[in-house]
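Chemist: Give me a 3D structure for the following:
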Amino acid sequence: MNLRSHGVRVLMGALVLVVGMTACNRPGGGSRTTTTPSTMPDDHGPDDHGPGDPGGGSYQKGPDPTSSSAAAAGTFAVTTSRASGSGFGGGLIYTPSAEGTYGGIVLAPPFTVQNSANADMARHLATHGFVVFAFDTFSASDFPSSRATQGKAALQYLTQTSASRSKVDASRLGFGGFSMGGGATMEVANSTPSLKAAMPMVPWHTTKSFPNDRVPTLIIAAESDTVAGVSSHAQPFYRSIPAGTPKTYVEVRGASHFMPATPPAAVKRYAVAWMKRYVDNDMRYAPFTTQRDGSLSDFQQAGVS
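Modeler: Numbers count the residues shown, from 1 in each chain. Just a heads-up that it's a prediction; the model follows:
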């Protein structure tokens, strides 16, 4: 493929993304609280019974999970607050209201849209006991490498400067993203081995190989993606992750590129289970990371236990 034709394909994909995401671009609100069940979850500190944990600690939060409960909203009430710092464009932080510290997760937005595209996933993860920062980029048209740089600044802000910093355990961080934000996630995982988990969703990037990724990585793909076609993006990304790194590829049957804006139950379940397993080392969720859901068109896995 010559440079001109590649540029045209990128532009066409971008235009499709602009049209598709306009429908799901709802503005983020100010500080607000979500109503959740009155029974608050257990807030355990580190337990020494986490099998397979190289660090020897499990951070269990919440009741014993089921396949259904991981896909449904969790039991943590959540507040949101606006972020304002250097190195990124802003965003919203979703923080569990209950006392205690939590693993932190940063989510990078897709091309042309800001944090609202990740709102459903951010809130879902937060209700299961994570502090989640869905950040904005300086420009909605920033490409993946810029998003990766801004994402690293967002990680630093979340743990060192944000109003929620006292609730974030800086030793337990995950990173995810949507479309070009998913491509940024691959970059961040490739260069930040201290992360506990990565979750690129329908990732798009001109780079196809990430051989230094040592971070447990869950790639969420869409079978009918016409913007970041799986054969050109998600699948080669998955194959490039080296042996020895826990990795999973889930591809949702019939789903389009815009699926992460309103993630189906299976995607929510995999997202929660992955972050619980690797950020919290909560082995109660391990079975849900290895089960193939009936809604998937493809499921691949290596090194996951």
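Chemist: where's Phe237, which helix or strand?
Modeler: Assigned by DSSP states H and E, Phe237 belongs to helix 234-240.
Chemist: And the very next helix or strand once past that helix, what does it pack against?
Modeler: Once the chain leaves helix 234-240, the next helix or strand it forms, by DSSP H and E, is strand 247-252. Other helices and strands packing on strand 247-252, by 3 or more C-beta pairs under 8 Å, 6 or more residues apart in numbering; DSSP states H and E, are strand 217-222, helix 234-240, helix 265-278, strand 296-302. Backbone N, C-alpha and C define where each C-beta goes, glycine included.
Chemist: for the ones you listed, which one sits closest to Ser145?
Modeler: Across the helices and strands packed on strand 247-252, Ser145 has its closest neighbour in helix 234-240 (14.9 Å, C-beta to C-beta).
Chemist: May I have that closest one as PDB, with CA atoms only?
Modeler: The C-alpha trace of helix 234-240 is given here as PDB (Å, rounded to 0.1, in the frame of the first residue of the first chain):
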ATOM      1  CA  ALA A 234      -6.500  -6.100  17.200                       C
ATOM      2  CA  GLN A 235      -5.300  -9.400  15.900                       C
ATOM      3  CA  PRO A 236      -1.700  -8.500  15.000                       C
ATOM      4  CA  PHE A 237      -1.500  -6.500  18.300                       C
ATOM      5  CA  TYR A 238      -2.500  -9.600  20.200                       C
ATOM      6  CA  ARG A 239       0.000 -11.800  18.300                       C
ATOM      7  CA  SER A 240       2.800  -9.300  18.900                       C
END
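Chemist: tell me which strands and helices it is in contact with?
Modeler: strand 217-222, strand 247-252.
Chemist: And the ones you listed: which comes nearest Gly151?
Modeler: Of those, nearest to Gly151 by C-beta to C-beta is strand 217-222, at 14.8 Å.
Chemist: quick one: contacts of that closest one?
Modeler: Outside of strand 217-222, the residues within contact range by C-beta atoms under 8 Å, 6 or more residues apart in numbering are 182, 186, 189, 197-203, 230, 233-235, 237-238, 241, 245-252, 255-257, 259-260, 267, 270-271, 274, 289, 298.
Chemist: Could you list the low-pLDDT ranges of this structure?
Modeler: Within the chain, the ranges that satisfy pLDDT under 70 run 1-56.
Chemist: Repeat the analysis, applying 80 as the threshold.
Modeler: Applying pLDDT under 80 to the chain picks out residues 1-57.
Chemist: Please spell out which residues along the longest strand along it are buried.
Modeler: Identified as the longest strand of the chain according to DSSP state E is strand 168-178. If you call a residue buried by 16 or more other C-beta atoms under 10 Å, then strand 168-178 has these buried ones: 168-169, 172-178.
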